Structure formats: C-alpha cells, structure tokens
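Chemist: could you work out the structure for the sequence below:
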Amino acid sequence: MEIDFPSFDEYLKRFSGHRRRNITKELRQFDEAGIVFSERSLDEVSQEISTLEAQLEQKYGISNPVEVIQKKHAVVSDLFPTSTVVLTAELHGRICGFVLAIKWRDSIFLRQAGFDYEMNGKLPIYFGVAFYEAVKYALNVSAKRIFYAIESTEAKSSRGCRIVEQKVWVRGLDVAAVKTLQSILGTAAVMVD
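Modeler: The predicted structure is shown next:
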C-alpha cells in the first residue's frame with residue numbers, strides 16, 4: 001500500500017461511498033464495543049500475543065507451540081530492536097488482536113498477526129489492526145508504504161493495497177543447507193552451482 005495521502009481522512013476518501021460507509025461503520029463498532037488500539041513493544045507483549053498467533057496459525061492448519069512463536073519473536077526483537085512495534089486491539093485490558101510491524105527506512109513491513117476469535121465475536125479486528133491502525137502508524141512515522149503478506153489478496157485490495165507478484169530466491173550456502181532446501185521444496189525447485 002502506497003501511503004500517498006497526508007491523513008487518515010484522505011485515506012478514506014480513496015474509497016467509493018459504499019466502501020467508505022462500511023469502514024466508518026467498522027470504526028464505530030470498535031468505539032461502541034470499547035476496543036482500544038495502541039502501540040506496544042514486542043518485548044512487553046510477546047507472551048500474551050504468542051497465544052493469539054498460535055490461534056491464527058491453528059485456524060489455517062499450522063501447529064506451532066507457543067514457545068516456538070516466542071522464539072520467533074525473540075529473533076525479530078534481536079534483529080530489529082528499535083524498529084518493531086506491536087499494533088494491538090484491546091478489550092477490557094486484554095489484547096484481542098495484533099499485528100507486528102517492522103519499520104525499515106521509509107517502509108513498514110507487517111510480519112505476524114494473531115487474534116482471540118472468541119473474544120472478538122463479529123468485530124472486524126483484523127481490519128482494525130492490519131489496515132486502519134497500520135495506516136495511522138505509517139502516517140505517524142512518515143512511512144511511504146506498507147508491505148503486507150501474500151495471503152488474503154481480496155481483503156487487501158478492498159482496503160487500498162496494490163497487488164504485485166512476488167518472487168523469492170533462496171540459496172543454500174553449504175551442502176547441508178541445499179539438502180534441507182531440497183527436502184522442503186523438492187529437487188526441481190533447488191538450483192545447485
């Protein structure tokens with residue numbers, strides 16, 4: 001998403017009247033439910049958000065223990081100690097949804113997310129943290145763009161993202177790494193020098 005607008009109101013003006021009314025309705029739902037959005041440090045909330053991330057992964061058939069997720073958080077925190085922020089949605093003092101944002105130069109990269117589906121009910125917490133709060137955060141830190149993950153292209157394009165094709169190259173630096181990549185990706189997908 002290109003942040004080529006100076007304010008959240010200008011972001012909303014990009015949409016059709018129908019979509020703008022839907023977004024305004026979602027923002028009103030958050031207010032009426034008592035949802036509080038905030039920016040938190042990863043170290044401060046890692047334990048709490050790890051269970052939410054595990055719920056998201058389980059929803060899509062991935063089963064990582066909370067301890068593994070916390071280790072991933074520790075790696076991100078070590079690599080980007082001053083560049084990470086957790087955008088949270090909180091209800092009654094408990095985090096019910098989050099997205100982890102990493103600021104690098106003039107861009108924001110949304111890396112991990114998680115939600116308490118039972119607590120959220122029908123509230124669109126995903127749109128709240130991943131779009132509305134991410135846009136506000138990007139505006140606050142003068143970012144020029146937000147990079148989203150590859151999933152949910154329809155939801156992303158409906159909130160102002162431009163969908164682009166992504167290609168990735170991974171190279172194993174030694175024989176053991178090449179064999180590991182081959183076991184994961186298949187031999188045809190791994191080029192060996």
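
Chemist: my guess is Phe98 meets Leu87, correct?
Modeler: Yes - contact criterion CB atoms under 8 Å: Phe98 and Leu87 qualify, at 6.4 Å. Every residue, glycine included, has its C-beta placed from N, CA and C.

Chemist: overlap of the contact sets of those two?
Modeler: Val129 (CB atoms under 8 Å, 6 or more residues apart in numbering).

Chemist: look up how far Ser157 lies from Tyr137.
Modeler: According to CB to CB, to the nearest Å, Tyr137 stands 20 Å off from Ser157.

Chemist: so which of these two has more stuff around it?
Modeler: Just comparing Tyr137 and Ser157: by other CB atoms under 10 Å the higher neighbour count belongs to Tyr137, 21 against 12.

Chemist: need the pLDDT of the more buried one.
Modeler: On pLDDT, Tyr137 comes in at 98.

Chemist: and it, which of the three is it?
Modeler: Secondary structure, DSSP: H, G, I helix; E, B strand; the rest coil: Tyr137 is helix.

Chemist: more neighbours: Phe98 and Leu87, which one.
Modeler: Taking other CB under 10 Å, Phe98 and Leu87 do not tie; Phe98 has more neighbours (29 against 24).

Chemist: which residues are in contact with that one?
Modeler: Taking CB under 8 Å, 6+ apart, we find Phe98 in contact with Val45, Ile49, Leu52, Val86, Leu87, Thr88, Ala89, Ala113, Gly114, Phe115, Val129.

Chemist: how does it look with 7 Å?
Modeler: Going by CB atoms under 7 Å, 6 or more residues apart in numbering, Phe98 touches Ile49, Leu52, Val86, Leu87, Thr88, Ala113, Gly114, Val129.

Chemist: tell me which of those fall in helices.
Modeler: Among these, the ones falling in helices (DSSP state H) are Ile49, Leu52.
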